[in-house]
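# 3D model of this:
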Amino acid sequence: MPQTVVITGASAGIGRATARLYASRGANIVLIARGRAGLEAAADEVESLGGRPFVAVADVTDPEQMETAATAAADLFGPIDVWINCAFSTVFAPFEEITPEEYQRATEVTYLGFVNGTRAALKQMLPRDRGTVVQVGSALGERSVPLQSVYCGAKHAINGFTSSLRTELLHRGSNVHVTVAQMPAVNTPQFSWVTSRLAKHPQPVPPIYQPEVAARGIMHAADHPRRKQYYIGATTLATIWANRLAPALLDRYLARTGFDSQQTDQRPPTGDSNLFDPVDDMNGSDHGAHGIFDEVSQRRSLQAAFARHPAALASVLAIGAATRADRMPPSSGRPAAPTSGSPRPASANSKPSLPSAHRKVTDESKSETMHAITFRG
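Prediction:
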């Protein structure tokens, strides 16, 4: 029987990519956003990929609209299996340059939108004691950066809200689950339609991942919701743990680098902002899942892949340990003299070579780890 999945913020970015992924499973997908052009395009994609779409034009800041969408979804498709909160809006600017109205609006969308969506989902799920809510979080929900105070504040709030709710569900022994998928920098259209007062075009700080990486992480979290949270991408993991180990040091580092690293050399966007009104309703155009950073975005994350397949990681580590053990010299006694035709013993400064398969995995891991100290918006 196909799953019924509700996705807020489904018209673009991560929500759009997640809808495509669930469509490939043949799921019933309720697409929620404010802009009809993006929703209609997303519905066409879902249908072409084998899913059944239902478009709900709604604003996540309105609790009644969320409940109406949830009721309509259940009436059409039956019980809701997964609810994914993904909608957000923000402002790129120093705090004092953001108006009270802008701050309130961005907080209502990015934080209270998740609260409203979760409430609507639980009203459907708790009576039958089954279902999963996935909150699309961010590494910036633990490690704040400059120029994104409203977004960072909202993502911190989501973590606190979700942790509290999770303990309540555990207390009652509920089979309804809630988890968080913590995101890295992702190439979405938001950087071109966001409200910005920066001198140059805003950007996510590399390494940047494609929305499909995020979508795979969200689906895995929904399939395995008993964990409190999932880290998508090595940079998310590194950012969170580095902040726990040296928060004051990171404050100083970001004070020096966080302004320039969140801007490109391009001129700032001159189009409309989606803070108060959907951009696709203004011009009738669909913006899709990807932003303008395709050329520098990674399509895969080794860390996220291993998180979804821990047995594969265990196998790689076991092979590596066995290979190292096989190449270690005898622990006692005089080393045997090399025979004719045998390789010369390695010098103290040389490193043992690895089998090609293991070398490939190690190199990929190293490549991603090298990016892990880079911070992004």
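# switch to C-alpha atoms for all contacts and neighbour counts from now on
Noted.
# Under the pLDDT cut-off, which ranges of the stretch 51-200 of the chain? List them.
For the stretch 51-200 of the chain, no stretch is flagged by pLDDT under 70.
# Spell out, range by range, the strands that occur in it.
Per DSSP state E, counting those that start in this stretch, the stretch 51-200 of the chain carries strands over the ranges 52-57, 82-85, 91-92, 131-138, 176-183, 195-196.
# and among those strands, the most buried is which?
Mean neighbour count (mean count of other C-alpha atoms under 10 Å) peaks for strand 82-85 among the strands of the stretch 51-200 of the chain, with a mean of 27.
# how far out from the middle of the chain is it?
Relative to its chain's centre, strand 82-85 lies at 13 Å (C-alpha atoms, centre = their mean, to the nearest Å).
# That one pairs with which strands?
Applying DSSP bridges, strand 82-85 is found paired with strand 4-8 (parallel), strand 131-138 (parallel).
# Without its sequence neighbours, what residue ends up closest to Asp286?
Nearest residue to Asp286, sequence neighbours excluded (C-alpha to C-alpha, 6 or more residues apart in numbering): Gly38, at 4.7 Å.
# Let's see the pLDDT reported for that neighbour.
pLDDT for Gly38: 96.
# Check which helices and strands the host helix or strand of it is in contact with.
Assigned by DSSP states H and E, Gly38 belongs to helix 36-48. Applying 3 or more C-alpha pairs under 8 Å, 6 or more residues apart in numbering; DSSP states H and E, one finds that helix 36-48 contacts helix 13-23, strand 28-33, strand 52-57, helix 279-283.
# between these, which one is nearest to Ala139?
Among those, the nearest to Ala139 by C-alpha to C-alpha is helix 13-23 (15.2 Å).
# tell me, how many neighbours does Gly78 end up with?
Look at Gly78: counted by other C-alpha atoms under 10 Å, it has 13 neighbours.
# isn't it right next to Thr4, touching?
Yes. Gly78 sits in contact with Thr4 when judged by C-alpha atoms under 8 Å, with a separation of 7.4 Å.
# count of neighbours near the spatially closest residue to Thr110 that is not a sequence neighbour?
The shortest distance from Thr110 to any non-neighbouring residue, by C-alpha to C-alpha, 6+ apart, is to Phe88 (4.3 Å). The local packing of Phe88 (other C-alpha under 10 Å) involves 24 other residues.
# now Phe88: how far from Val150?
Using C-alpha to C-alpha, to the nearest Å, Phe88 is found at 11 Å from Val150.
# Kindly report the same for Asn274.
15 Å.
# Could you do Gly288 as well?
From Gly288 to Val150 the distance is 25 Å (C-alpha to C-alpha).
# neighbour-wise, which of the two wins?
Each of Gly288 and Val150 has its neighbours counted (other C-alpha under 10 Å); Val150 has more, 25 against 20.
# Now the residue most central in space within the chain: closest residue in space, sequence neighbours ignored.
Computing the C-alpha centroid of the chain and ranking residues by C-alpha atoms, centre = their mean puts Met183 first, at 2.8 Å. The shortest distance from Met183 to any non-neighbouring residue, by C-alpha to C-alpha, 6+ apart, is to Ser138 (4.3 Å).
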